[in-house]
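A.B. asks: Return a 3D structure for these sequence lines:
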Amino acid sequence: MISRLALSSVTIGLLILAGCQQQTKDTMPPPVAMTEEAVGHFCQMNILEHAGPKAQIHLEGLPYPLFFSQVRDGIAYERMPEQNYKIRAIYVTDMSRAHDWENVGRENWIPATSAHYVVASAKTGGMGAPELVPFSDQDDAKNFVSRHGGQIMRLEDIDDVLVLNSVPVTPSAETHETAIMPDDDDYRARLEKLRKE
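C.D. replies: All right, here's what the predicted structure looks like:
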């Protein structure tokens, strides 16, 4: 007959093991370097051919991230009401470490939640739309604002209308416009394909 002490030891061991497995499962996957094979999730174009900062999103169950030609596109993907995949991590280009706007680096990533974003600057992203420009160093963001305008914000302070709206909106403007959401059968088909892979 198994003693109570032995049974307690086994129970404690199982609880510790379960906790370790849960911690491993919830750990953020590391960012992936951009390669020639990396294509933008929305545009399906080679991501390295576009200037400006990029984003990558890691989804639960997928071995590879979704890449986005603009940071704004990646944040829009996360905030879309129809986005129902569990997001494990979002990384954005760290423009504090980028050589220049045309060459931001293939392995230059920081967690999206840790960045200081310049919003509504004169610079447009790789797809020609308004961009959220991320920096790890707030002083670098301030220098960028002095050259290109805009306002520095943290991710949680960026309103959905600045991300989801197809028309440039200044962060200080009061607006009641409805964000324009993609209604694209091809986009939905690609998401469904990702779900099945």
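A.B. asks: element containing Glu78, please.
C.D. replies: Counting by DSSP states H and E, the element that carries Glu78 is helix 71-79.
A.B. asks: Would you mind listing the buried residues in that helix?
C.D. replies: Counting neighbours by 16 or more other Cβ atoms under 10 Å, one finds that the buried residues in helix 71-79 are Val71, Arg72, Asp73, Gly74, Ile75, Ala76, Tyr77, Glu78. C-beta here means a position set from N, CA and C on the backbone, and glycine is covered the same way.
A.B. asks: Spatially, which residue comes closest to Phe135, not counting chain neighbours?
C.D. replies: Ala141 (4.1 Å; Cβ to Cβ, 6 or more residues apart in numbering).
A.B. asks: Hmm, that neighbour is touching Arg154, no?
C.D. replies: No - assessed by Cβ atoms under 8 Å, Ala141 is found out of contact with Arg154, at 10.6 Å.
A.B. asks: these two touch, right, Val92 and Val71?
C.D. replies: Yes - in terms of Cβ under 8 Å, Val92 counts as a neighbour of Val71; the distance is 4.9 Å.
A.B. asks: Find the residues that touch each one of these two.
C.D. replies: Here Val92 and Val71 have Pro53, Lys54, Ala55, Ala112, Leu132, Pro134 as joint contacts, going by Cβ atoms under 8 Å, 6 or more residues apart in numbering.
A.B. asks: Could you report the neighbour count for the second one?
C.D. replies: Just to be clear, that refers to Lys54. 29 (other Cβ atoms under 10 Å).
A.B. asks: How about it: what's its closest non-neighbour residue?
C.D. replies: Nearest non-adjacent residue to Lys54 (Cβ to Cβ, 6+ apart): Thr93, at 5.1 Å.
A.B. asks: Arg72 too?
C.D. replies: In space, Arg72 is closest to Leu132, 5.0 Å off (Cβ to Cβ, 6+ apart).
A.B. asks: tally of neighbours for that neighbour?
C.D. replies: 28.
A.B. asks: do Val39 as well
C.D. replies: So Val39, with other Cβ under 10 Å, has 16 neighbours.
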